[in-house]
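Q: kindly generate the corresponding structure for this input.
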Amino acid sequence: MSSLSPPRSRHLGWTLALLAFAQLITSLDFNIVFVALPRIGEGLGWLTGEALHGEVADGLRIAVFAAAAGILLSALIALTFKRRQAETETEKVHADA
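A: The predicted structure is shown next:
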């Protein structure tokens, strides 16, 4: 038997609920920023109108690409460790036989 057991479905449910809540808060935050952009630009005295929206859109694009890269990297790491764990378990079974 493996020392690492799969997560219980209850823990998985709480994890998914937490991730969904985090996504909700993030999208609300982005929407609030986009609605407030004209007033923010006036208050700062720089980048008005489309230029301000373009700057924020570029920042969001970078954030989305960084998040996607992080997800892909974490998936790759998970697959690597899963493969190593499977190899270790196979070696233990062959050693016991």
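
Q: can you pull the contacts of the residue nearest to the spatial centre of the chain?
A: Central residue check for the chain by CA atoms, centre = their mean: the C-alpha nearest the mean position is that of Ala67, 5.2 Å away. Residues in contact with Ala67 (CB atoms under 8 Å, 6 or more residues apart in numbering): none are found. No exception for glycine: its C-beta is placed from N, CA and C like everyone else's.

Q: what about it, which helix or strand?
A: helix 50-96 (DSSP states H and E).

Q: now that helix: how far from the chain's centre is it?
A: 9 Å (CA atoms, centre = their mean, to the nearest Å).

Q: now name the helix or strand holding Leu28.
A: helix 9-44.

Q: helices or strands next to that helix in the packing?
A: helix 50-96 (3 or more CB pairs under 8 Å, 6 or more residues apart in numbering; DSSP states H and E).

Q: the inter-axis angle of the helix it packs on versus helix 9-44?
A: 160 degrees (axes from the mean of the first three to the mean of the last three CA atoms, to 10 degrees).

Q: state the mean pLDDT of helix 50-96.
A: The average pLDDT for helix 50-96 rounds to 78.

Q: count the residues that sit near Ile40.
A: Neighbourhood size, Ile40 [other CB atoms under 10 Å]: 13.

Q: spatially nearest residue to it (excluding sequence neighbours)?
A: Leu52 (7.4 Å; CB to CB, 6 or more residues apart in numbering).

Q: burial check on the one you found, number of neighbours?
A: Leu52: 18 neighbours (other CB under 10 Å).

Q: hmm, it is touching Gly41, no?
A: Yes: with contacts counted by CB atoms under 8 Å, Leu52 reaches Gly41, the gap being 4.4 Å.

Q: coming back round to it: for the residue nearest to Ile40, what are its contacts?
A: Leu37, Pro38, Ile40, Gly41 are the contacts of Leu52 under CB under 8 Å, 6+ apart.
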